[in-house]
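Engineer: The sequence isn't on hand, but the structure is:
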C-alpha cells in the first residue's frame, strides 16, 4: 500500500513516474478540460474520502474533479463532520473510514492528525496539506516549470517571504529534483531547521539572502505565498506585514532575475501585498497553469497510490 505523505518520503523514480503520468493525462484529450477522460477509468467503482479540517478552494475542487474524471466518487467531509480527535480518536476514525472507502485525502492543521491516520488506515492516505508541508502543490509547481522550461535540475529557485509549509516542500523538492534553493525572507520566519538540514546533509544547495533584489539575480523561478493565514489574529497579521514588507515580489524585483524567469504562487494571493498585480498578470507569471496542474498531478498521485 502506498501513501503520498511528503516529497522526501517518496522515491525520486516514483516522483518522476507521477509527473510523467500527469503530463500524459493532461495531453490525452483536447477541449475545455484537457486530460478529463481516460480510455480506462482507473477509479471506476472507487470511493475517495476528502477530509478538510482546513478550508480549501483549489485542493477541494482539484481532488473532487480528478476523482470524478477517473470514474470514482467522492465523500467530502469537514472537520465538523468527523470531529477528528474529539469524541472519537483519529485512529478509530481511520479504521472505520477504511471499511467504507478506497482512499483518503486529508487536509489538516496538525501533521500528527495525518500521521495517526496513516498508522491506522488500511487504505492509501494522501497529504492534502498540513501546517508543515504541502507536497501536492509543489509537484504541480515542478510539472508547471518543466512544461515551460524543461528540466528544473540545476536551476535557481528563489522563495520570497515566509518559510512556511509550501516553502518546506520546496526544500524537499530541491533534494529530489536537484535545483538550487534560495530563501529570501525575515530570519524570524525562516524554514524549519530540520528541513534545511535534511537538504544540506544530503548534498543539496541552500542559500539565504535577505535582500530580495540581489537574491533573484539569475533566478529561473521566483515563488511567493501569502503573508498571513485566515486563522491569524490581528496582532499576528500586523507583525507579519511588518516583517515581510520588504519581500514583496514586484516588477522591479522580477527585472533583476533571469530574462526567462517564471513566477509562481500557490494561491489565493493578496494582490498588492506579497505580489503585485503587474507580476501576477505579467508575462513571467504561470500561476493559472500552476493551478490547473494541481488537477493533473493529483490524478497521477491517486493512480500511483493504487499501484497504477
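Structural biologist: Structure received. These figures come from a predicted structure and were not determined experimentally.
Engineer: Tell me the buried residues in the lowest-mean-pLDDT helix or strand in the chain?
Structural biologist: In the chain, the helix or strand scored least confidently by mean pLDDT, DSSP states H and E is helix 79-82, which has a mean of 80. Applying a neighbour-count criterion of 16 or more other Cβ atoms under 10 Å, one finds 79, 82 buried in helix 79-82. Bear in mind the C-beta positions are built from the backbone N, C-alpha and C, glycine included.
Engineer: That one: how far from the chain's middle?
Structural biologist: 23 Å (Cα atoms, centre = their mean, to the nearest Å).
Engineer: now for that helix, which elements pack on it?
Structural biologist: strand 47-52 (3 or more Cβ pairs under 8 Å, 6 or more residues apart in numbering; DSSP states H and E).
Engineer: residues making contact with the strand it packs on?
Structural biologist: 59-60, 63-64, 67, 72-79, 82, 84, 97, 100-108, 128, 302 (Cβ atoms under 8 Å, 6 or more residues apart in numbering).
Engineer: any low-confidence regions in this structure?
Structural biologist: Counting by pLDDT under 70, the ranges of the chain that qualify are 29-40, 85, 230-231.
Engineer: For the residue lying farthest from the centre of it, give its distance to residue 93.
Structural biologist: Relative to the centre of the chain, the most outlying C-alpha is that of residue 87, 30.8 Å out, by Cα atoms, centre = their mean. Using Cβ to Cβ, to the nearest Å, we find residue 87 at a distance of 10 Å from residue 93.
Engineer: Kindly report the same for residue 14.
Structural biologist: From residue 14 to residue 93 the distance is 28 Å (Cβ to Cβ).
Engineer: between those two, who's got more neighbours?
Structural biologist: residue 93 (24 against 14; other Cβ atoms under 10 Å).
Engineer: Which residues are in contact with the more buried one?
Structural biologist: Per Cβ under 8 Å, 6+ apart, neighbours of residue 93: 82, 84, 117.
Engineer: cool, residue 137 as well?
Structural biologist: 129, 166, 169, 266, 294.
Engineer: Phi, psi for residue 73 please.
Structural biologist: phi -130, psi 160 (degrees, to the nearest 10).
Engineer: That one reaches residue 67, doesn't it?
Structural biologist: Yes. Between residue 73 and residue 67 there is a contact under Cβ atoms under 8 Å: 7.0 Å.
Engineer: Who has more neighbours out of the two?
Structural biologist: Of the pair residue 73 and residue 67, residue 67 is the one with more neighbours under other Cβ under 10 Å, namely 24 against 15.
Engineer: I'd like to know which elements the helix or strand harbouring that one is packed against.
Structural biologist: Using DSSP states H and E, residue 67 maps to helix 58-69. Judged by 3+ Cβ pairs under 8 Å, 6+ apart, the packing partners of helix 58-69 are strand 47-52, strand 73-78, strand 103-107, strand 125-129, helix 287-305.
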